[in-house]
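Visitor: Sharing a sequence plus its predicted fold:
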Amino acid sequence: MKKIPLHWKIMISIGLGILLGFVLLKIPAGRTFAGNWIKPFGTIFMNLLKMLAMPLILTSLIKGISDLKDMTSLSRIGIRTFGWYIITTFIAIAVGLLVVYLIKPGYFIQPDTRNKIMYQYSGEATEEVQVAKESVAKGPLEPLVEIVPDNIFQAATSNGNMLQVIMFAVLFGVALLLIPPEKTVTVRDFFAGANEVILRIINIVMSAAPVGVFALMVTLVTETPSADIFIALGMYGFTVLLGLALLLYVIYPTIVKYIGGMPPGKFLKGMVPAQLMAFSTSSAAATLPVTMQCLRNNLGISEEVTSFVGPVGATINMDGTTLYQSVAVVFIAQALGYDLSFGDVLSIVFTAALAGFGSAAVPGAGIVMLIIVLQSVHINPAAISLIFAIDRPLDMCRTVVNVSGDGMIATIIQRKATALAAADAGKQI
Ligand code: ASP
């Protein structure tokens, strides 16, 4: 019998999970059953993926950088990658602002419905505001300070410190490049071998993906608030989804085709497994192993480019999140009857860009950072209570765009790397 490809199995699991979720909602004690007997499998699967993110970043970045020819190759990849992150982030914000100003979703919500929703979710909002306040209170250069760990072993114990670990791994890789290779054979071999081991563990974990994804979907449906809220916030949800779809199906394929030199069909098809995983887990970090597999095996991106663009992209390149933040802040302003000046919009552009870079690649990180964007235009951050209820499904969709954005950047960097390698080879002849 022909083997069903894994992404098909995952797609079937998503469908079955949603279906069972709705069935359980109709049964008395269905929610409790899902919570006690199904949710734990989703949690185990998420934990397995999260458990692998840190070792994967460490081994693949160190191996990837130390495999480069020299420092020039690293700076070429690094500078270009960051340059494209910045460009695409601003494109994402522009698309978000365009759709939200065209559709004006905030004017579709009635004041009494608005007040009811805000009252109902005020508790959750207060918790998120507290988290955001702690990071805002520290000063403007704090994000820079936070990239540098004072203890790498401590940093590596929390998935919230991905950037710190990336910083260490890059330094480690750079040092390896600067030392004569014969002196570091053992260290290089160790990281190359460790990377192989982690990749194999990922394969083992992924074979359980259909079960994990099924459990995550059942949990999602059984824990979702009532349909009324979805209807009330329907226009807002539609606006975010429209913006994300424009980015994913119009702008990315165009960039991939004309700048990355890859047929858009190959790009979109090749990223499907990572997109499904991103949709199910709502976490670009948890999806990283699959994203890297897609880049290497489906898009034909080299080891060198994958090992840099994959981990760094998962951590800081979040076009879906920045697009969502720009839509959400304008939606909230419209719903509350605030007029945003041109200066306010500029402020949204820059704070959303920073908030996107600073959002952790975990579920719900975007809404915490949204608080900072709201504060930049003097809107009470507690207003996130208005959109809290439908944040999870939107998070699933923006995470799909976040990981696809990493694939898009990888095609551009790969094309340039190939051209440069050909030019270098030409010079040597
Ligand atoms: N869940 C998103 C991610 O991991 C971040 C966010 O927008 O909340 O990419």
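Guide: Yep, it's here.
Visitor: Any idea which helix or strand in this structure has the lowest mean pLDDT?
Guide: Every helix and strand of the chain was ranked by mean pLDDT, DSSP states H and E. The lowest is helix 122-136, at a mean of 67.
Visitor: which bits of the stretch 301-429 of the chain sit near the ligand?
Guide: By Cβ under 6 Å from any ligand atom, the part of the stretch 301-429 of the chain that sits against the ligand consists of 318, 321, 359, 361-366, 395, 398-399, 402. For the C-beta atoms, the positions are set from N, CA and C on the backbone; glycine is no exception.
Visitor: Write the PyMOL selection for whichever of those residues are buried.
Guide: Buried members of those, defined by 16 or more other Cβ atoms under 10 Å, are picked up in PyMOL with:
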select buried, resi 318+321+359+361+362+363+364+365+366+395+398+399+402
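Visitor: Quickly name whichever of the residues of the stretch 301-429 of the chain next to the ligand is closest to the ligand.
Guide: Top of the list for closeness to the ligand, among these and by Cβ to the nearest ligand atom, is Gly366 at 2.6 Å.
Visitor: any idea which element the closest one lies in?
Guide: helix 365-376 (DSSP states H and E).
Visitor: what's that helix packed up against?
Guide: On a contact count with 3 or more Cβ pairs under 8 Å, 6 or more residues apart in numbering; DSSP states H and E, helix 365-376 meets helix 122-136, helix 319-336, helix 342-358, helix 391-428.
Visitor: looking at those helices, which is buried most?
Guide: helix 319-336 (a mean of 28; mean count of other Cβ atoms under 10 Å).
Visitor: if I pick Ser13, what's in contact with it?
Guide: The contact partners of Ser13, by Cβ atoms under 8 Å, 6 or more residues apart in numbering, come to 209-211, 213-214, 217.
Visitor: rerun at 7 Å
Guide: 210, 213-214 (Cβ atoms under 7 Å, 6 or more residues apart in numbering).
Visitor: Including neighbour count, could these go into CSV?
Guide: CSV is the format used below for the contacts of Ser13 (neighbours: other Cβ atoms under 10 Å):
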residue, neighbour count
Pro210, 21
Val213, 26
Phe214, 26
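Visitor: Could you list which of the residues you listed belong to strands?
Guide: In this view, the contacts of Ser13 have no member that belongs to strands under DSSP state E.
Visitor: if you go through the stretch 151-300 of the chain in chain order, where are the strands?
Guide: Ranges of strands within the stretch 151-300 of the chain: none, based on DSSP state E, counting those that start in this stretch.
Visitor: Quick one: name the residues of it near the ligand.
Guide: Residues of the stretch 151-300 of the chain that fall close to the ligand, judged by Cβ under 6 Å from any ligand atom: 282-284.
Visitor: Could you export those as JSON lines, including pLDDT and neighbour count?
Guide: Formatted as JSON lines, these follow (pLDDT from 0 to 100; neighbours: other Cβ atoms under 10 Å):
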{"residue": "Ser282", "pLDDT": "92", "neighbour count": "28"}
{"residue": "Ser283", "pLDDT": "92", "neighbour count": "27"}
{"residue": "Ala284", "pLDDT": "93", "neighbour count": "34"}
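Visitor: quick one: which of the residues you listed is nearest to the ligand?
Guide: Using Cβ to the nearest ligand atom, Ala284 comes nearest to the ligand of these, at 3.4 Å.
Visitor: In contact with that closest one, which residues?
Guide: Contacts of Ala284 (Cβ under 7 Å, 6+ apart): 278, 314, 361, 399, 402-403.
Visitor: Between those residues, which sits nearest Ser326?
Guide: Distance to Ser326 across those (Cβ to Cβ) is lowest for Asn402, with 14.7 Å.
Visitor: Tell me how far that closest one lies from Gly35.
Guide: 28 Å (Cβ to Cβ, to the nearest Å).
Visitor: what do you get for Val349?
Guide: Computed as Cβ to Cβ, the Val349 to Gly35 distance reads 41 Å.
Visitor: and if you look at Ser326?
Guide: As for Ser326, its distance to Gly35 is 35 Å (criterion: Cβ to Cβ).
Visitor: next one: Ala389
Guide: In this view, Ala389 and Gly35 are 19 Å apart by Cβ to Cβ.
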